[in-house]
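1. got a structure for you, letters missing:
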């Protein structure tokens, strides 16, 4: 079970984020998912499937070449934790401000619960402050 759940998270980062396959969101994210630790451009919490789809569209629109590498992955039963490194270039205007064309590198962690082969709940902690500094926002 743990190995299968690790594979789900590997697919999540590779297909949803690195390859931008929006159809993989439906394949890997439960429709009643609960999401913690992400915000939209207005500072509103991303907590639902629909809110995540919009977040993904905006973020990938701003960083179409995003690459998320899993540095560590640990699983026990239905829980999977990852530590990730993120690299991208800000070339899109979808975050509410013009593209800076700056490269960004930051890291983060996510902790998920897998149910019936899909992500049912997720806790995210990514260093968006570091990203925002690299974009010249702060």
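-> Now that the structure is in, tell me what you want to look at. Just so you know, these numbers come straight off a predicted model, no measurement behind them.

2. what segments of this structure are helices?
-> 2-11, 23-28, 49-62, 128-134 (DSSP state H).

3. okay if I get the ones you listed as a markdown table plus mean neighbour count and distance to residue 71?
-> Every C-beta, even on glycine, is put in place using the N, C-alpha and C of the backbone. Below are the helices of the chain laid out as a markdown table (neighbours: other Cβ atoms under 10 Å; distance: least, Cβ to Cβ, whole Å):
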| stretch | mean neighbour count | distance to residue 71 |
| --- | --- | --- |
| helix 2-11 | 15 | 12 |
| helix 23-28 | 15 | 20 |
| helix 49-62 | 16 | 20 |
| helix 128-134 | 16 | 16 |
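
4. format those as CSV; extra columns: distance to residue 35.
-> CSV is the format used below for these (distance: least, Cβ to Cβ, whole Å):
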stretch, distance to residue 35
helix 2-11, 14
helix 23-28, 12
helix 49-62, 6
helix 128-134, 15
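
5. list the buried residues for the top strand by length along the chain?
-> Counting residues, the longest strand in the chain under DSSP state E turns out to be strand 103-115. Within strand 103-115, the residues scored as buried using 16 or more other Cβ atoms under 10 Å are 104, 106-114.
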